[in-house]
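**Q** Model the following, please.
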Amino acid sequence: MTDARRTVNPSELPFGTVVPAMVTPMDQDGAVDLQAAAVLATHLVDQGADALVITGTTGETSTLTDEENLAMFRTVVEAVGERARVIAGTGTNDTHHSLELSRRAAEIGVHGLLLVTPYYNKPNQAGIRRHFETIADGVDLPIMLYDIPGRSVMPIQPETLVALAAHPNITALKDAKGDLQSTTTVLAHTDLHVYSGDDGATLPLMAMGAVGVVSVAAHVAVPGYRALVDAVHAGDLRAARDAHFALDPVQRGIMSHVQGAVAAKTVLAGQGIIPTAAVRLPLVAADDAELAAIRADLAEAGISF
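**A** Reported below is the predicted structural model:
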């Protein structure tokens with residue numbers, strides 16, 4: 001790996017640069033609304049997203065059936081697959097289940113996979129490595145690993161990431177670990193394309209060599225993240241810092257008061273982009289106090305709903 005690797009052409013990145021982790025729209029009864037999903041995907045790409053994660057954490061994947069996941073993949077591929085990368089969230093805590101879902105996603109025509117660390121089981125590093133390599137061996141698509149120990153409990157240790165980077169299908173990392181030394185080690189010793197998995201860490205991680213962000217708050221601020229990411233790629237630190245600070249109230253509004261999917265859906269529904277803010281249990285709607293806090297933060301950014 002050379003320093004030249006860190007100077008990338010953003011248009012050639014297999015996972016894009018500004019990547020909303022898209023919510024899964026639902027009707028008032030909790031049924032997946034595929035028509036609304038197509039509208040939302042189109043809206044986000046029109047706003048400047050060059051890739052979308054479908055049925056990741058923010059897409060409430062843990063409460064969707066396999067058929068609902070696959071229907072979402074198919075819908076978004078058909079809606080925007082010629083204009084943006086469609087990344088299927090197919091990671092679970094069951095390796096063989098993840099492999100089968102990944103194979104079916106590949107048949108639909110997604111452009112890549114997002115695989116989270118197996119959660120709840122608490123595998124050791126050998127088990128984590130074998131989990132990811134088993135899926136990577138079985139599906140010929142580029143894979144983005146998702147390191148988020150706040151949800152999965154077990155981190156992917158940097159030495160495990162370095163080993164996994166040797167696999168030709170494992171090409172990217174969504175980094176939500178909050179461990180700058182780990183990120184530094186990965187960037188220094190691998191060719192993985194690193195993405196911030198924490199909206200507020202986008203500028204710091206990109207300053208280190210990350211290439212973009214997989215974002216929840218981008219649901220309501222794609223142009224802001226596009227400005228930030230493009231400024232970093234252009235080497236314009238002043239503009240990047242200005243965009244970073246401008247996004248502060250957006251990130252507080254979407255990520256500080258309720259779970260991100262709840263906040264994003266609430267705002268999108270209020271703006272008329274999706275029909276309802278419905279979520280599935282165990283998630284619940286924002287209460288009046290939470291709603292007021294979200295409104296106040298977003299108003300600071302000039303966003304109303």
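
**Q** Please, which helix or strand holds the closest residue to Ala221 other than its chain neighbours?
**A** Nearest non-adjacent residue to Ala221, counting by Cβ to Cβ, 6 or more residues apart in numbering: Val250, 4.6 Å away. Just so you know, the C-beta spots here come from the backbone N, C-alpha and C atoms, and that holds for glycine as well. Here Val250, judged by DSSP states H and E, is contained in helix 248-255.

**Q** Distance of the residue nearest to Ala221 relative to Ala261?
**A** 16 Å (Cβ to Cβ, to the nearest Å).

**Q** Next, the buried residues of the helix holding Val250.
**A** Of the residues in helix 248-255, those with enough neighbours to count as buried (16 or more other Cβ atoms under 10 Å) are 249-255.

**Q** Export those as TSV, with columns for distance to Glu82 and pLDDT.
**A** What follows is those, written out as TSV (distance: Cβ to Cβ, whole Å; pLDDT from 0 to 100):
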residue	distance to Glu82	pLDDT
Pro249	34	98
Val250	29	98
Gln251	31	98
Arg252	35	98
Gly253	32	98
Ile254	29	98
Met255	31	97
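
**Q** Nearest to Val32, out of those residues: which one, please.
**A** Ile254 (21.8 Å; Cβ to Cβ).

**Q** I'd guessed Asp184 sits against Leu205; true?
**A** Rather than Asp, residue 184 is Thr. No - using Cβ atoms under 8 Å, Thr184 makes no contact with Leu205, being 10.1 Å away.

**Q** the strands in the protein, which residues?
**A** 18-22, 51-54, 85-89, 112-116, 143-147, 170-175, 193-196, 212-215 (DSSP state E).

**Q** Quick one, which of these gets closest to Gln125.
**A** Nearest to Gln125 among the strands of the chain is strand 143-147; the distance by Cβ to Cβ comes to 12.1 Å.

**Q** State the mean pLDDT of that closest one.
**A** The average pLDDT within strand 143-147 is 98.

**Q** OK, contacts around Ile152?
**A** Quick fix: residue 152 is Ser, not Ile. 116-119 (Cβ atoms under 8 Å, 6 or more residues apart in numbering).
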